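Novice: fold the following.
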Amino acid sequence: MRRNVSTLALGMLLTLASTAMAEKPVLGPCGTNSPLSAVDIAPSSYSYTRTSVDQFTATFTVLSPRVNVTGSCDPLLDYVFGNGDSGADIDLEVRVTDVYNGDGSTPSLTEEQLNALKNAFVFTPANFTLTDPGKGSQAVSLTFTNTSTVPAGEYIVNIQTRMTNPETEKGSGVGPANKTFTVNIAEPLQVKLDTLPPVVNISSPADGASLLLNAPLQATFKIVDPTEEGAGTGVHAARAFITTCAEAVEHDISGALSSSVSLPVAAGEEVTFTENAIANQIGTFTLKAEADDAATPTIHTGSDVRSFTVGVGVAPLPPISVVGKQFNSTADVAIKWAITDTTGAFLPPFTDVVAVVKLPSGETAATYVAGDGSGGIRWDLDAAGNAVQYIANYKIPGIAGTYKVEIFVKDVCNSLVKQGELSFYAAKPAVQKK
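Specialist: Next comes the predicted model:
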């Protein structure tokens, strides 16, 4: 009986030992227990001028966390990511998370500017699957495209690689990898531009000046290009023109100009141009002077304009020039006058001369043109063939008062232009007493 009892006890002990061995815990796979890591971005910074158009490329590599092989895991099993049931691969994304000033402070950017800076970064690949826990890696290319909407400054940009959809049990302990990249944005150099044309000032002839025929005609003008605090490009060319007949006729006098200094001259330096001529035509004229700088992309032209007239001298001759002379209001009067130039010299006869007699009321009484007869103007010549006097015979119509005679000749544009005015006085005959 004892043997049997002992045999039974031994069997029970063996059964208990077998049960104990069957309940030994099974070890799981070894996994990572630290965040992702990354090699520094190279190059780690980029500088550009805000308005420039360009791109910049850098690279970095995302690395798997190390596997923690301890007695609590089975190293013979395939490694996994994280310290939970995370599997042999994880999905990652690369993005810009935060932006700081160079001193670490928060930048004073609007939301639009901040987004513009973030969106200037493009990562290739931006999303990927990382495999091979403990050894896996992924090279990432960073491309930055210049943006002009972000103000100048130094910006430290945090670039983060993290799990796309981290879960409590899947990928637990796989934290993000953060790397910084510095963007330096500079304002473009303010290039000073020449924005103003040269200043042209005609000093002679004076605006509205009246010259007599054959008078010296001196065209003088001064030019200076504004310095514009160093932006002025100076005077590089000058021209002058005399126009008439509503500018239909233009005479270029640029070739006859003389200058106080040779062109070009620097900004702020004054140059004087002069042209000496003779006013040898009757009419109304315009002097226009122009000057160019050397501005880019478009040259600026400054100008000035003066108008002047050229005419002849008209002087009354006896009998109407006699001081105090009075004519009978019914008498015939010989209207005589002389036409001279600036020196008082007689001129060849003006065959287009016209004389208009005005009554004391101002109404036109008679018009005389060159020609023979009572309705014509005749003239007397000297030995040189110049007209020393013009004569028109007028019958006073019995009206007392001051009569005016307007003298016209044709100008260079073939228009009749008044040159002077004569006058004489007619008195009523004295009433004789019976």
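
Novice: show me what the one helix or strand V357 maps to pairs with in its sheet, parallel or antiparallel.
Specialist: Element membership of V357, judged by DSSP states H and E, is strand 354-358. As defined by DSSP bridges, the strand partners of strand 354-358 come to strand 364-370 (antiparallel), strand 401-410 (antiparallel).

Novice: what residues are up against the nearest residue to T143 once chain neighbours are set aside?
Specialist: Take T143 and drop its neighbours on the chain: the residue closest to it by CB to CB, 6 or more residues apart in numbering is V122, 4.6 Å away. C-beta: built from backbone N, CA, C; applies to glycine. Residues near V122 by CB atoms under 8 Å, 6 or more residues apart in numbering: 142-145.

Novice: list only buried entries from those residues.
Specialist: 142, 144 (16 or more other CB atoms under 10 Å).

Novice: re earlier: mind putting the strands paired with strand 354-358 in a markdown table, distance to I282, mean neighbour count and mean pLDDT included?
Specialist: Shown next, in a markdown table, are those (distance: least, CB to CB, whole Å; neighbours: other CB atoms under 10 Å; pLDDT from 0 to 100):
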| stretch | distance to I282 | mean neighbour count | mean pLDDT |
| --- | --- | --- | --- |
| strand 364-370 | 16 | 16 | 95 |
| strand 401-410 | 7 | 18 | 98 |
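
Novice: of all these, which one is nearest E270?
Specialist: Counting by CB to CB, E270 lies closest to strand 401-410 out of those; the figure is 40.7 Å.

Novice: where does the prediction get shaky in the protein?
Specialist: 1-24, 84-86, 166-171, 374, 430-434 (pLDDT under 70).

Novice: what is the burial count for the closest residue to G268 other than its chain neighbours?
Specialist: Spatial nearest neighbour of G268, chain neighbours left out: T227 (4.3 Å); criterion: CB to CB, 6+ apart. Residues contacting T227 under the criterion other CB atoms under 10 Å number 15.

Novice: tell me the spacing between the residue nearest to T143 and A38.
Specialist: Distance, V122 to A38, using CB to CB, to the nearest Å: 17 Å.

Novice: how about the strands of the stretch 201-350 of the chain, start to end?
Specialist: Assigned by DSSP state E, counting those that start in this stretch, the strands in the stretch 201-350 of the chain fall at 209-212, 215-224, 237-244, 249-252, 258-259, 271-279, 283-292, 301-311, 313-317, 326-328, 332-340.

Novice: what helix or strand does the spatially closest residue to F144 that is not a sequence neighbour sit in?
Specialist: Leaving aside its sequence neighbours, F144 sits nearest to F56 (CB to CB, 6+ apart; 4.6 Å). Secondary structure assigned from DSSP H and E places F56 in strand 55-63.

Novice: now the helix or strand following that strand: how far from the chain's centre is it?
Specialist: Along the chain past strand 55-63, the next helix or strand (assigned with DSSP H and E) turns out to be strand 73-74. The chain centroid and the centroid of strand 73-74 are separated by 76 Å, computed with CA atoms, centre = their mean, to the nearest Å.

Novice: okay, now the sheet partners of strand 73-74, with direction.
Specialist: Take DSSP bridges as the rule and strand 73-74 pairs in its sheet with strand 28-29 (parallel).

Novice: contacting residues around the partner strand?
Specialist: Here strand 28-29 makes contact (CB under 8 Å, 6+ apart) with 73-74, 77-80.

Novice: who wins on neighbours among those residues?
Specialist: Neighbour counts for the contacts of strand 28-29 (other CB under 10 Å) peak at V80, which has 24 neighbours.

Novice: could you find the closest non-adjacent residue to it?
Specialist: G31 (4.3 Å).

Novice: so that neighbour sits right up against C73, yeah?
Specialist: Yes: counting by CB atoms under 8 Å, G31 touches C73, with 7.2 Å between them.

Novice: on that earlier part again, any idea how far the residue nearest to V80 is from T164?
Specialist: 19 Å.

Novice: re the thing from before, got the CA coordinates for the host helix or strand of the residue nearest to T143 in CSV?
Specialist: When elements are assigned from DSSP H and E, V122 belongs to strand 121-124. What follows is strand 121-124, C-alpha atoms only, in CSV (Å, rounded to 0.1, in the frame of the first residue of the first chain):
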residue,chain,number,x,y,z
PHE,A,121,8.8,74.7,-48.5
VAL,A,122,8.2,71.6,-50.5
PHE,A,123,9.4,68.2,-49.3
THR,A,124,10.1,65.2,-51.5
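
Novice: for A152, grab the count of nearby residues.
Specialist: Burial measure for A152: 11 neighbouring residues, criterion other CB under 10 Å.

Novice: that one against S47, yeah?
Specialist: No: the criterion here is CB under 8 Å, and A152 misses it with S47 at 10.7 Å.

Novice: shared neighbours of those two, which are they?
Specialist: Common neighbours of A152 and S47 (CB under 8 Å, 6+ apart) are 185-186.

Novice: contacting residues around the residue nearest to V80?
Specialist: Counting by CB under 8 Å, 6+ apart, the residues that G31 touches are 67-68, 73, 79-84, 86, 133, 173.

Novice: now do 6 Å
Specialist: 80, 82-83 (CB atoms under 6 Å, 6 or more residues apart in numbering).

Novice: from those residues, pick the one nearest F308.
Specialist: Checking those against F308 with CB to CB, the nearest one is G82 at 98.2 Å.

Novice: any idea how far L193 is from the closest one?
Specialist: In terms of CB to CB, G82 sits 62 Å off from L193.

Novice: hang on, the earlier thing: phi first, then psi, for the residue nearest to V80.
Specialist: Per-residue torsions, G31: phi -130, psi 180 (degrees, to the nearest 10).

Novice: if I look at it, how far off is N165?
Specialist: Separation of G31 from N165 (CB to CB): 18 Å.
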